[in-house]
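In: Can you look at this prediction? I've put the sequence above it.
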Amino acid sequence: MQIKTVPILEADKLLMAAVDEAIENATRSAGPELQAGGSRVSPRDYFADGVLRHLFLRLCGADLKTNTGGDPDMAWKILYGGRSVARHWERERGSTATLRMKKDRPEDIEKDKSERQQPALSAQNFALATVVRALVDHARASDPEITDRLEAVIDARHERLESKFYTDHEFTERAKTYLSLLTRRPD
C-alpha cells in the first residue's frame, strides 16, 4: 500500500504547487489592476477564492461558463463537510465550537439529522458485513458452492419479474456486487 500511495502523494504535491503558482501568476499580472479597482480583499485571496469557486462548481458538475446545472446534493455534501472541518479547527484552537445556526428549513434539518446518523449506519453496516462473512465462511466448510447458490437466488428473483426495467437490472447487479463483497474468501 505504501508503494502505491507515494506516486499519488507526489502528484498531489505537484498539483498543489501548480495551483499556488497559478494564483501567484494571476496576482502578479492582474493584482495591481484589482487593487486599483478598489477591491477590499488582497489579490492573492481574490484569486484563491476564484480557484475555490471553480473547483466547487466542477465537483458539483455545473457548467463552468454559466454556473448552472450543478448537483445540489453534492453541493450540500461539500458545504456540510466544510462545517465539520470548521468545528474541528475551532476545537483544535481550544475555543468553544461556535454553534452556527442554520435556517429552520426542512431540508437543512433533514440533512443535519442524516449527517448525525452516518457514523451509526457505517458501524451497523460494518458489523453486519463482518457477521455475514463469518457465517458464510463457516457455511462454506459444509457447502463449497454456497456463493453460487446464493447468486442463483438473485438470478431467480430477477427472472420472476414480469417486466424488466432498468431499475430491476440495476437492483440485480447491485445485489450481486454486495453478495460478492459479503461472500468473498478471506485474504
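Out: Sure thing, it's come through. Residues are numbered from 1 along each chain as shown.
In: pull the helix or strand with minimum mean pLDDT from this structure.
Out: helix 106-142 (a mean of 78; mean pLDDT, DSSP states H and E).
In: elements contacting that helix?
Out: helix 72-92, helix 146-160, helix 166-183 (3 or more C-beta pairs under 8 Å, 6 or more residues apart in numbering; DSSP states H and E). Bear in mind the C-beta positions are built from the backbone N, C-alpha and C, glycine included.
In: What residues sit buried inside stretch 159-173?
Out: Thr172 (16 or more other C-beta atoms under 10 Å).
In: Other residues contacting it?
Out: The contact list for stretch 159-173 (C-beta atoms under 8 Å, 6 or more residues apart in numbering) reads 154-155, 157-158.
In: remind me which residues of the chain are low pLDDT?
Out: For the chain, applying pLDDT under 70 flags the ranges 1-5, 96-109, 111-112, 114-115, 186-187.
In: any idea which residue sits dead centre in it?
Out: Lys77 (7.5 Å; C-alpha atoms, centre = their mean).
In: got JSON lines for the contacts of stretch 159-173, with distance to Gln117 and neighbour count too?
Out: Shown next, in JSON lines, are the contacts of stretch 159-173 (distance: C-beta to C-beta, whole Å; neighbours: other C-beta atoms under 10 Å):
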{"residue": "Ile154", "distance to Gln117": "28", "neighbour count": "17"}
{"residue": "Asp155", "distance to Gln117": "33", "neighbour count": "12"}
{"residue": "Arg157", "distance to Gln117": "29", "neighbour count": "13"}
{"residue": "His158", "distance to Gln117": "31", "neighbour count": "16"}
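In: of those, closest to Thr27?
Out: Nearest to Thr27 out of those is Ile154 (C-beta to C-beta; 57.5 Å).
In: Tell me how many other residues crowd the closest residue to that closest one other than its chain neighbours.
Out: Of all residues not flanking Ile154 in the chain, Ala175 sits nearest, at 4.8 Å (C-beta to C-beta, 6 or more residues apart in numbering). For Ala175, the count of nearby residues is 17 (other C-beta atoms under 10 Å).
In: thinking again about what came up before, make TSV out of the contacts of stretch 159-173 and add distance to Leu55.
Out: Converted to TSV, the contacts of stretch 159-173 look like this (distance: C-beta to C-beta, whole Å):
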residue	distance to Leu55
Ile154	40
Asp155	43
Arg157	43
His158	41
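In: Thanks a lot, see you next time.
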